[in-house]
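Asker: make a model of this:
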Amino acid sequence: MFSIDIGGPATPQITSTLVPVDGSNADNGEYGVNLLVSPDAESIQCATNADDIAPPPGDKWTVQGKINQVFYSANLDQTLQTTGPQDRGYCYYFGGNGEQMSGQVDSGICNMSQFINLTAYSMHIDGQSLSFNLSAYLGGVDAQEDNALVSVDFMDNDYNIIDNQQIGPVSASDRNFQTSLIYRETVGKIKALTRYINVYLILTRTSDVTIYGTNNDGNADALSFIINPPGESTRASSYWRCSAG
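Answerer: This next block holds a predicted model:
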């Protein structure tokens, strides 16, 4: 297991298995395509409400907590009319209900991670000719500060982290205090000796549970990590930027 610390002493560590995901486009060293497997919350049956016990996001992600796939049509947080991906499919990622069977409330943090082997790109990576695009739609609900972020660890052959890139979180003010998913993207050069990436989606409840309830209303959809062809600096995301109903 591998762990990262995403906050202060009260923040739990997030763990991930260092087992490369099966079926990634990275296995064949493909360029200009999304290397994440099941990145868009469409892989399995989705939940219809916060308490619905739906399966976790497939066997392609390592899941901690109650992160779930929820129908846009459930009218829970995001809907088919809220601002977000134009080609949004049926479902998005939702942080789940934090109330436990004991009646206690969980830590408010849930996540999923995916470990991808980049050794097929090693020659061009070490030649410093490859760049990446990391993007996602991230957001939440109204004035609540529950949020989502995507963090990517770039690791060498011995699993040492040699770089980290992050998009998000998106604040309530970033969303103009509207329920929505906002497009975020970062681009950069892949550092020499990179052999793996570990991609985390982290959903965090920060709102007062006595006012807003125990749902973790951090939301996300359309995660993407693309490696551009050698010498090409950036490539447009494969997802439509934004739409409002």
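Asker: now the helices for this structure?
Answerer: 122-126, 209-212 (DSSP state H).
Asker: tell me the centre residue of the chain?
Answerer: Closest residue to the average C-alpha location of the chain: Leu201 at 3.0 Å, with C-alpha atoms, centre = their mean.
Asker: tell me the most buried of the helices of the chain?
Answerer: helix 122-126 (a mean of 16; mean count of other C-beta atoms under 10 Å). (Each C-beta comes from the backbone N, C-alpha and C, glycine too.)
Asker: His124 and Asn133, how far apart?
Answerer: 16 Å (C-beta to C-beta, to the nearest Å).
Asker: next: Asp208.
Answerer: Using C-beta to C-beta, Asp208 is found at 36 Å from Asn133.
Asker: quick one: which of these two has more around it?
Answerer: Asn133 (21 against 10; other C-beta atoms under 10 Å).
Asker: how about the more buried one, nearest residue that isn't a chain neighbour?
Answerer: Ranked by C-beta to C-beta, 6 or more residues apart in numbering and with sequence neighbours excluded, the top spatial neighbour of Asn133 is Ile226, at 4.4 Å.
Asker: just for the chain, where's the confidence low?
Answerer: By pLDDT under 70, the low-scoring segments of the chain are 1-15, 52-59, 100-101, 103, 234-245.
Asker: mind running it again at 90?
Answerer: Residue ranges of the chain with pLDDT under 90: 1-20, 22, 42-61, 63-69, 75-76, 96-108, 209-210, 213, 231-245.
Asker: all strands for it, in order.
Answerer: Remark: strands assigned in the chain by DSSP state E are 2-5, 13-16, 62-64, 68-71, 91-94, 109-117, 131-140, 147-155, 161-167, 180-189, 196-204, 219-227.
Asker: against Gln69, how distant is the nearest residue to Asn157 once chain neighbours are set aside?
Answerer: Spatial nearest neighbour of Asn157, excluding adjacent residues (C-beta to C-beta, 6+ apart): Arg195 at 4.7 Å. Look at Arg195 and Gln69: by C-beta to C-beta, they are 30 Å apart.
Asker: these two - which one has more neighbours?
Answerer: Counted by other C-beta under 10 Å, Arg195 and Gln69 do not tie: Gln69 has more neighbours, with 24 against 18.
Asker: give the contact list for that one.
Answerer: 41-47, 54, 57, 91-94 (C-beta atoms under 8 Å, 6 or more residues apart in numbering).
Asker: how far away is the residue lying closest to Gly29 once chain neighbours are set aside from Tyr196?
Answerer: Of all residues not flanking Gly29 in the chain, Ala120 sits nearest, at 3.4 Å (C-beta to C-beta, 6+ apart). Plainly put, Ala120 is 12 Å away from Tyr196 if you go by C-beta to C-beta.
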